[in-house]
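In: Quick check, what structure comes out for this input:
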Amino acid sequence: MSHQRIGEVLVGQGVLSEGDRDFAIALQLASGRKEKFGAILVGQGLSGENSVAQALSRQAGWEYFNGPYIPDDKAVDTLGMAFIQEHRVFPLKGQDACFFIMPDGD
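Out: Sure thing, here's the model as predicted:
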């Protein structure tokens with residue numbers, strides 16, 4: 001898992017300039033950190049949702065997946081978010097079954 005902040009990941013990918021990153025940080029600090037950094041970037045037009053999602057995946061050490069799958073709510077409720085976060089797995093609803101995504105190695 002990367003220990004870089006999302007802004008650093010986006011700057012490293014050439015998606016965000018250092019000036020725009022600093023501007024978004026200032027906005028986040030001014031909000032008392034109530035607004036998520038990625039939401040600020042998208043809301044200010046500094047980055048697209050897809051770029052933020054890719055950077056978050058990279059930050060978490062997960063391969064980015066932009067598919068038609070949605071979370072399997074029943075599996076999420078059964079496992080609980082603490083388990084999902086601790087074990088870094090996420091259940092997705094497939095057409096006929098639930099399957100799990102997880103980062104590759106560590």
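In: I'd like the distance between the residue of the chain most remote from its centre and Asp72.
Out: Distance to the chain centre peaks in the chain at Asp96, reaching 26.2 Å (criterion: C-alpha atoms, centre = their mean). Asp96 sits 12 Å away from Asp72, going by C-beta to C-beta, to the nearest Å. To be clear about C-beta, it is placed using only N, CA and C from the backbone, and glycine gets the same treatment.
In: Can you show me the strands along the protein?
Out: 70-71, 90-93, 98-101 (DSSP state E).
In: Determine which stretch of these is the most buried.
Out: strand 90-93 (a mean of 18; mean count of other C-beta atoms under 10 Å).
In: which helices and strands sit right next to that one?
Out: strand 70-71, helix 73-79, strand 98-101 (3 or more C-beta pairs under 8 Å, 6 or more residues apart in numbering; DSSP states H and E).
In: for the ones you listed, which one sits closest to Gly14?
Out: Nearest to Gly14 among the helices and strands packed on strand 90-93 is strand 98-101 (26.2 Å), distances taken as C-beta to C-beta.
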